[in-house]
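Engineer: When you get a sec, could you give me coordinates for this:
(2 chains)
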Amino acid sequence: MKLSSIGMRRLVLGLLGLGLIAAMVFVVMRSGPLAPTRVTVVQAAEGRLTPALFGIGTVEARRSYLIGPTVAGRVRTVAVDVGDRVKAGQLLAEMDPVDLDERMAALDASVTRAGSAIAAADAQRRDALARKELAAVNARRYVELGAQNFISAGAVEARLQEQSSADAVVSAADANLAAARQDQQRLAAERAGLRQQRANVRLLAPADGVVTSRDSEPGSTVVAGQAVVRVIDPASLWVKVRLDQGRSAGLAASLPAQVVLRSNPGQSIAGKVARVEAVSDSVTEERVAQVSLDQPPPGLSVGELAEVTLTLPPTTLAVLLPNAAIKRVQAQTGVWTIDNGSLRFAPVRQGQASLDGQVQILEGVKVGTTVVVHSEKDLAAKTRITVVDSLAGRQP
Amino acid sequence: MISLAGRDILHSWGKFVLTGIGLGLLIGVTLTMAGVYRGMVDDARALLNNSGADLWVVQQDTQGPYAESSSLRDDAVRSVLGIAGVERAANVTYLTMQVRRTNVAGPTSAGGSDEDVRAMVVGFEPGQPGEPGYLVAGRHITRSHYEAVADVRTGFALGDRIRIRRHDYTVVGLTRRMVSSGGDPMVFIPLKDAQEAQFLKDNDAIVNERARTAANPSLNRPGVPGLLEAIQASQANNRNVNAILVQVQPGIDAERVAEPVRRWKHLEAYTRNQMEEILVAKLIATSAKQIGMFLVILAIVSAAIVAFIIYTMTLGKIREIAVLKLIGTRNRTIAGMILQQALGLGLIGFIVGKVAATFWAPIFPKYVLLESGDAVRGLVAVVVICALASTLAIRVALKVDPAAAIGG
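Structural biologist: Residues are numbered from 1 along each chain as shown, chains lettered A, B, ... in the order given. Okay, the predicted model is just below:
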């Protein structure tokens, strides 16, 4: 009985000791320098990927009009408000004409007066003509009488001089009449010019569109070129998208695009690249392209943020790897491959990449090679590893 | 010859095991405290390792970007790239802030709960220094905006939507041991987004600022249309970063690159050693010393308790020792028994402590690094303390009068 009790105690103590040692071994193997690094792997496989470009942009109007006066002045009326649809030629606003109307009335009067002046000049001319005829008749008669020596030569010369004077008076009357007519023409032209100026203070819509802002109210003074109202053509809305220069290879006009507006993140709108700007932004290191929407949604607002994904044509068949596998060791880009259970760093040359994280491997890895994707820590050639299905987090 | 120590342990094994476990938990606490201290230092080093840089270029006369705030123009990196010996260089921003998880289905759904995590938001350029070196799940960032890679400590999962300032980001990858010097997990986002997050004010502030500018008659001049808009546009953007991470070409001394940066670029440059000095000796110095002080006191207290336990355990066996003496047991045997028991107790305590510390270390909110060197030092210390304590007990045991076995 006592022996068995001691035996029991030995057994229990031994088990406790064994348990403790087992726990210690477990602890040493699980943590510390002896513990292997857990990794996940993938078999390199061939495939095609559809590269895509991603950028953000803002909705802009291709055609927007700033409507304002050509000379400084005061706004008299503004006929439209923000949101109004306007037709081409519609009156949007009118500037204060100040004295233009009065000057027009003055010119009207001047033109009328010029007509009167023409009439007076004409009458003078007729009078001169009548005098000229009389002088001619008189001169002819005196010349005949002088030839028969009825009168003195001095009297004949006086009549001839009279005739010459009458001719000159007619010429002067002609010139006067022409001057009066030219004066009238000048005044009429001035009046036409003034009418144009008067029309110019009326600000008209240059095209069909929607009023987007009303910048000045009646009574305020604006300088030449300052906008009173702004109008955009809602049919010309497009997205000005900015793409990182480093990830813009393949950007070209007419690429298909998917546009997601910030106001409606659940829906993507189809479109295509309408234009790629030749000048890219050197400060932000971005390229700029315009994407037109196939069917602009109603209520699209200018300045709204949009995410744009451009789809490039699929690549040729090549080895594909997840981008998490690409590591940089000693200024070399490559992947860790598993060869008979030991790690080897294989430098690779990368091709294109897709947005879902697949990278084309042009050189360095053959199909079927086991490649490390995720790891618990940085790897080295002598790191001991164990391959597991996943390290953390749920897979997408 | 039978083992006296073994016999004695078998006799009162319950007491022995419980004492061992109690001792073990105490040792475990001491080891954990050492782990906390090591973890703090390691957090600082992890920050440097993760950035993958050999050289940090920061604003002149600052010790940024970790210890002080530093701000420099984001085009300075181009001139740094032109310096001989530079392999790669990239802009980086650091901003510690609360990152909120937003529900994918929207705030109206029943399961939707917003929770925020304190994190260090790192703005980096993909494929450049500053990128997380390895992932434990998911993929690297492929879009130039609105994607994030988060440390697993943030608690975010792949596919989660997180909100930083006004934009929602999708978590596409998870990484591990990417922490700031304070132990906050990191969230990596594209540099341009991070610049905006760091320097962009909230909408109300922007609107107020616009109104303030518009109210300034010298900035809102009636005769100069467009001036106000130009000023407001220039106020809204900020093209600063916190630091430039530089990798030097293999075989080139980082100091040789740092010297021209300091002299000609009018920026400050720190090599890896200098940065570690700043982080470990300056940034976390006080809190590390605090923990270190606590560790020293805890170690002393633990040693004293271990010594007292062994001493009292021997005192409890005075009568048995007297009997042993009475039957003529040699002093060496008795001393051996006490020493063996003390060492056994110490070993059990150490193993229990090490196992316990290893099991509870991951539960700590901040990183606890249990170094093998610390464990070995702890083992040596435990053995020495037990041996010293047992000499105290042995002295008492040897002085016991054999008559005590019979009398009172």
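
Engineer: any idea how far the closest residue to chain B within chain A is from residue A:128?
Structural biologist: Here the residue of chain A nearest chain B is residue A:357; by CB to the nearest CB that distance is 3.1 Å. Glycine gets a C-beta too; all of them are placed from N, C-alpha and C. Taking CB to CB, to the nearest Å as the measure, residue A:357 falls 103 Å from residue A:128.

Engineer: same check, this time on residue B:403
Structural biologist: For residue B:403 relative to residue A:128 (CB to CB), the value is 176 Å.

Engineer: repeat for residue A:161
Structural biologist: Distance, residue A:161 to residue A:128, using CB to CB: 16 Å.

Engineer: and what of residue B:33?
Structural biologist: 130 Å.

Engineer: ok, now residue B:317?
Structural biologist: Where residue A:128 is concerned, residue B:317 sits at a distance of 162 Å (CB to CB).

Engineer: and what of residue A:62?
Structural biologist: Distance of residue A:62 to residue A:128, given as CB to CB: 69 Å.

Engineer: higher neighbour count, the two?
Structural biologist: Neighbour count, other CB atoms under 10 Å in any protein chain shown: between residue A:62 and residue A:128, residue A:128 has more, with 20 against 15.

Engineer: C-terminal to the helix or strand containing the more buried one, what's the next element?
Structural biologist: Per DSSP states H and E, residue A:128 falls inside helix A:100-147. Sequence-wise, the next helix or strand downstream of helix A:100-147 (DSSP H and E) is helix A:153-200.

Engineer: report the angle between the axes of that next one and helix A:100-147?
Structural biologist: 170 degrees (axes from the mean of the first three to the mean of the last three CA atoms, to 10 degrees).

Engineer: What average pLDDT does the helix or strand following helix A:153-200 get?
Structural biologist: Using DSSP H and E, the helix or strand that follows helix A:153-200 in sequence is strand A:202-204. The average pLDDT within strand A:202-204 is 92.

Engineer: shaky segments in the chain?
Structural biologist: Let's take chain A. Scanning chain A for pLDDT under 70 picks out A:1-4, A:30-34, A:393-396.

Engineer: hmm, I had chain B in mind actually
Structural biologist: B:1-5, B:103-114, B:407-408.

Engineer: Quick one: residues contacting the residue of it found nearest chain A.
Structural biologist: Going by CB to the nearest CB, chain A is nearest to residue B:139 of chain B, at 3.1 Å. For residue B:139, the contact set (CB atoms under 8 Å, 6 or more residues apart in numbering or on different chains) comprises A:322-324, A:356-357, B:172-173.

Engineer: closest to residue A:314 among the residues you listed?
Structural biologist: Taking CB to CB as the measure, residue A:314 lies nearest residue A:356 of the contacts of residue B:139, at 13.5 Å.

Engineer: Now do the SS call for that closest one.
Structural biologist: Under the three-state scheme (DSSP: H, G, I helix; E, B strand; the rest coil), residue A:356 adopts coil.

Engineer: Touching, it and residue B:140? I think so.
Structural biologist: No. Here residue A:356 does not reach residue B:140: they are 11.4 Å apart, not a contact under CB atoms under 8 Å.

Engineer: Tell me the residues of the stretch 251-400 of chain B that contact chain A?
Structural biologist: By CB under 8 Å from any CB of the partner chain, the part of the stretch 251-400 of chain B that sits against chain A consists of B:348, B:351-352, B:354-355, B:358-359, B:370, B:372, B:375.

Engineer: Quick check: the farthest pair among the residues you listed?
Structural biologist: Using CB to CB, these span at most 19.9 Å, a distance reached by B:348 and B:372.

Engineer: Looking at the two, which one has more neighbours?
Structural biologist: residue B:348 (21 against 12).

Engineer: Please give me every residue in contact with the more buried one.
Structural biologist: Residue B:348 is in contact with A:20, B:17, B:20-21, B:23-24, counting by CB under 8 Å, 6+ apart.

Engineer: give me that answer again for 6 Å
Structural biologist: residue B:20 (CB atoms under 6 Å, 6 or more residues apart in numbering or on different chains).

Engineer: What of residue B:119?
Structural biologist: B:99, B:154, B:184-185, B:187.

Engineer: With respect to residue B:10, which of the residues you listed is nearest?
Structural biologist: residue B:185 (50.5 Å).

Engineer: Count residues in the vicinity of the closest one, would you?
Structural biologist: Residue B:185, neighbours per other CB under 10 Å, totals 23.

Engineer: Would you list the phi and psi of it?
Structural biologist: When quoted as degrees, to the nearest 10, the phi and psi of residue B:185 stand at phi -70, psi 160.

Engineer: Also residue A:6?
Structural biologist: phi -60, psi -40.

Engineer: any idea which element the residue nearest the centre of chain B lies in?
Structural biologist: Among the residues of chain B, the one closest to the centroid is residue B:43, at 3.3 Å (CA atoms, centre = their mean). Following DSSP H and E, one finds residue B:43 within helix B:13-51.
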